[in-house]
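Asker: Give me a model of this one.
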Amino acid sequence: MKKLYIPYIAGEFISSGKRLVIRSPYTGEPIFETFSADNITLNKAIEKAVAAKSIMAALPSWKKEELLLQIAQKIK
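Answerer: Model prediction:
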């Protein structure tokens, strides 16, 4: 059974849109399923990323490291 991954885009989990099956480039076997984003969702994600750029740039590197390590722990 393939795992379903719901994209987290611009602060929200997005499960609308077309469902995609991601396949191994070596075997062609399905690896997981996810959803594609429409142009509105992609533009929203880009706008949020641009807005966050100056905030992230102002953070000291030790704080960025701390945040990234917290995110990595939650992913595991």
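Asker: Tell me the helices and strands packed up against whichever strand or helix holds Lys44.
Answerer: Taking DSSP states H and E as the criterion, the element that holds Lys44 is helix 39-58. If you count contacts as 3 or more C-beta pairs under 8 Å, 6 or more residues apart in numbering; DSSP states H and E, helix 39-58 packs onto strand 8-9. Backbone N, C-alpha and C define where each C-beta goes, glycine included.
Asker: Okay, angle between the helix or strand following the helix holding Lys44 and helix 39-58 too, please.
Answerer: Next along the chain after helix 39-58, taking DSSP H and E as the criterion, comes helix 61-75. Compare the direction of helix 61-75 with that of helix 39-58 by axes from the mean of the first three to the mean of the last three C-alpha atoms, to 10 degrees and you get 140 degrees.
Asker: Make residue 1 into 38 and carry on from there
Answerer: Renumbered: residue one is now 38, and that last one reads helix 98-112.
Asker: Contacts only, for Ile46.
Answerer: 74, 78-79, 81-82 (C-beta atoms under 8 Å, 6 or more residues apart in numbering).
Asker: Distance check, it against Gly54.
Answerer: 10 Å (C-beta to C-beta, to the nearest Å).
Asker: in which helix or strand would I find the residue of the chain positioned farthest from its centre?
Answerer: Residue farthest from the centre of the chain, counting by C-alpha atoms, centre = their mean, is Thr64 at 24.9 Å. Using DSSP H and E, Thr64 sits within no helix or strand.
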